[in-house]
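Student: sequence? don't have it. structure:
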């Protein structure tokens, strides 16, 4: 939850003229990076809640990327706060994974 707040603070400080600025990820600008974070928040929320994955190829930021991040982060924090959520195994692109183990020792 602290990480979501810290990232949210960074996103809150992005100026209107900075969303199109290039990043070290050569093919992505600032808006693209924030969109990736929002989508991944939604992916993990869906996995934790057993819901459908977010649709690919759509604009997940809308006209207000700051609010899109805040909403996705709040949903993710809510999903992680449910009792027993870290004790379960979840499907992913490389098979079923145990979330508590990944948080303590993330795959490289």
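Tutor: It's in. Predicted model, so just to flag it, every value in this text is computed and none were measured.

Student: for the chain, which spans come out with low pLDDT?
Tutor: Within the chain, the set of residues satisfying pLDDT under 70 comprises 90-108.

Student: which residue is nearest the middle of it?
Tutor: Nearest to the geometric centre of the chain sits residue 41, at 2.3 Å (CA atoms, centre = their mean).

Student: need the longest helix for the protein.
Tutor: Ranked by residue count and defined by DSSP state H, the top helix of the chain is helix 30-49.

Student: after that helix, which helix or strand is next?
Tutor: Next along the chain after helix 30-49, taking DSSP states H and E as the criterion, comes helix 65-81.

Student: quick one: residues in contact with that following helix.
Tutor: Outside helix 65-81, the residues that touch it by CB atoms under 8 Å, 6 or more residues apart in numbering are 1, 4-5, 7-8, 11-12, 14, 19, 31, 34-35, 37-38, 41-42, 44-45, 48-49, 60-62, 85-86. Using the backbone N, CA and C atoms, a C-beta is placed for each residue, glycine as well.

Student: excluding sequence neighbours, find me the nearest residue to residue 5.
Tutor: Distances taken as CB to CB, 6 or more residues apart in numbering place residue 73 nearest to residue 5, at 7.9 Å, with adjacent residues excluded.

Student: likewise for residue 1?
Tutor: residue 77 (4.9 Å).

Student: pretty sure residue 35 sits against residue 62.
Tutor: No. If you go by CB atoms under 8 Å, residue 35 and residue 62 don't touch, sitting 10.3 Å apart.

Student: between these two, which has more neighbouring residues?
Tutor: residue 35 (18 against 11; other CB atoms under 10 Å).

Student: can you pull the contacts of the more buried one?
Tutor: Residue 35 neighbours (CB under 8 Å, 6+ apart): 59, 60, 61, 65.

Student: cool, and residue 52?
Tutor: residue 46.

Student: and for residue 6?
Tutor: Per CB under 8 Å, 6+ apart, neighbours of residue 6: none.

Student: helix or strand for it, which one?
Tutor: According to DSSP H and E, residue 6 maps onto helix 2-12.

Student: any idea how far the residue of the chain positioned farthest from its centre lies from residue 8?
Tutor: The outermost residue of the chain, judged against the average C-alpha position, is residue 17 (23.2 Å), by CA atoms, centre = their mean. Using CB to CB, to the nearest Å, we find residue 17 at a distance of 20 Å from residue 8.
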